[in-house]
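**Student:** I'll drop the sequence and a predicted model, then ask my questions.
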Amino acid sequence: MYVNVQSIRMSHRGGVRRPWDMKIAIAGGTGTLGRQVADELQARGHEVRVLSRGAPRYRVDLTTGAGLDKALEDCEVVVDASNNSSKTAATTLVEGTGRLLAAEQSAGVAHHVCVSVVGCELVPAGYFRVKAEQEDVVRRGPVPFSVVRATQFHEYVAATLGALARWRAVPVPRALVQPVASAEVARTVADAAERGPRGGRVEIAGPEMASLADMARTWRRATGTRAALVPVPLPGGLGRALRGGALTTDHADVRGAVTFEAWLGYGKNGEHG
Ligand SMILES: NC(=O)c1ccc[n+]([C@@H]2O[C@H](COP(=O)([O-])OP(=O)(O)OC[C@H]3O[C@@H](n4cnc5c(N)ncnc54)[C@H](OP(=O)(O)O)[C@@H]3O)[C@@H](O)[C@H]2O)c1
């Protein structure tokens with residue numbers, strides 16, 4: 001079993017806890033990433049609480065703070081895997097993080113793990129700006145923290161291409177991407193939660209860097225989709241950032257092993273490759 005001295009020492013209101021029996025709350029624990037983080041931490045022996053608006057037991061709403069106090073009682077660690085990519089993203093991710101951190105401080109939480117996106121500060125567009133702002137709130141916040149940044153999930157790339165293919169022509173912007181299996185990201189997030197506050201970030205990226213057009217061709221072959229791929233220009237700073245590989249990295253701390261092609265071929269659990 002993974003054991004880390006720093007997390008053995010991490011205490012909640014003075015009590016020493018072992019790394020395999022911490023109480024860990026996962027905000028967004030019903031989402032693509034969050035539910036796998038919850039399963040992983042539970043399998044490692046922790047007591048896990050799943051928090052979201054639709055969670056069966058711990059219903060919380062980050063946009064209002066409802067339910068947070070009760071959900072965080074006695075928790076040592078909070079993993080924030082919530083998400084909102086709509087126009088109201090900041091309400092959940094930036095203001096919501098402020099509410100979450102305030103509730104954590106009152107509850108005596110010792111470690112906040114923020115899940116974020118590789119290169120978000122380099123892309124001058126809505127969602128990525130919001131993610132960079134969310135990280136700032138965490139860095140300036142009252143709770144010791146770690147940030148785990150990931151590249152785009154295979155699930156997200158496949159779902160986006162699938163949704164666009166309904167129009168029979170898939171618009172494909174010129175962009176460099178490096179997708180990763182969310183199951184591998186979940187293990188990295190679980191490691192970070194156990195390791196204790198890093199006061200900085202860990203990055204995980206997929207095994208291959210390629211153009212989105214190449215990934216779309218792989219996806220079309222694997223799924224037997226006939227939709228045409230249509231290159232589209234993305235203007236301005238956003239286009240420059242995506243073409244230049246802002247969402248990719250050569251220096252990831254953790255490199256996923258499951259390629260997009262293997263993930264498409266072997267199902268969605270990230271165990272094959
Ligand atoms: N998707 C990607 O490709 C990708 C890549 C890199 C990093 N990330 C990061 O990974 C994290 C998780 O992303 P994901 O794709 O797994 O998200 P997701 O599948 O969309 O799940 C979002 C979760 O947040 C919860 N949620 C949404 N609004 C909420 C609110 N107001 N209050 C409480 N809970 C709320 C949802 O549950 P309810 O609807 O029940 O509330 C759900 O559990 C995010 O930080 C994201 O930036 C994602």
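**Tutor:** Thanks, I have it.

**Student:** for the protein, which residue occupies the most central location?
**Tutor:** V115 (4.3 Å; C-alpha atoms, centre = their mean).

**Student:** name the helix or strand for that residue, please.
**Tutor:** Secondary structure from DSSP states H and E places V115 in strand 111-117.

**Student:** same check, this time on R220
**Tutor:** Going by DSSP H and E, R220 is part of helix 212-223.

**Student:** that helix packs against which elements?
**Tutor:** Applying 3 or more C-beta pairs under 8 Å, 6 or more residues apart in numbering; DSSP states H and E, we find helix 212-223 packed against helix 154-164, strand 169-173, strand 176-177, strand 228-232, helix 260-266. Backbone N, C-alpha and C define where each C-beta goes, glycine included.

**Student:** could you check how far A192 is from the ligand?
**Tutor:** From A192 over to the ligand the distance is 13 Å, taken as C-beta to the nearest ligand atom, to the nearest Å.

**Student:** relative to Q152, how far out is whatever residue of the chain ends up closest to the ligand?
**Tutor:** For the chain and the ligand, the shortest gap (C-beta to the nearest ligand atom) falls at G31, measuring 2.1 Å. Between G31 and Q152 the computed distance is 15 Å (C-beta to C-beta, to the nearest Å).

**Student:** which one's more surrounded, those two?
**Tutor:** Comparing G31 with Q152 by other C-beta atoms under 10 Å, the one with more neighbours is Q152, at 23 against 19.

**Student:** what sits up against the helix holding R220?
**Tutor:** 157-158, 161-162, 170, 172-177, 179, 225-227, 229, 231, 260-261, 264-265 (C-beta atoms under 8 Å, 6 or more residues apart in numbering).
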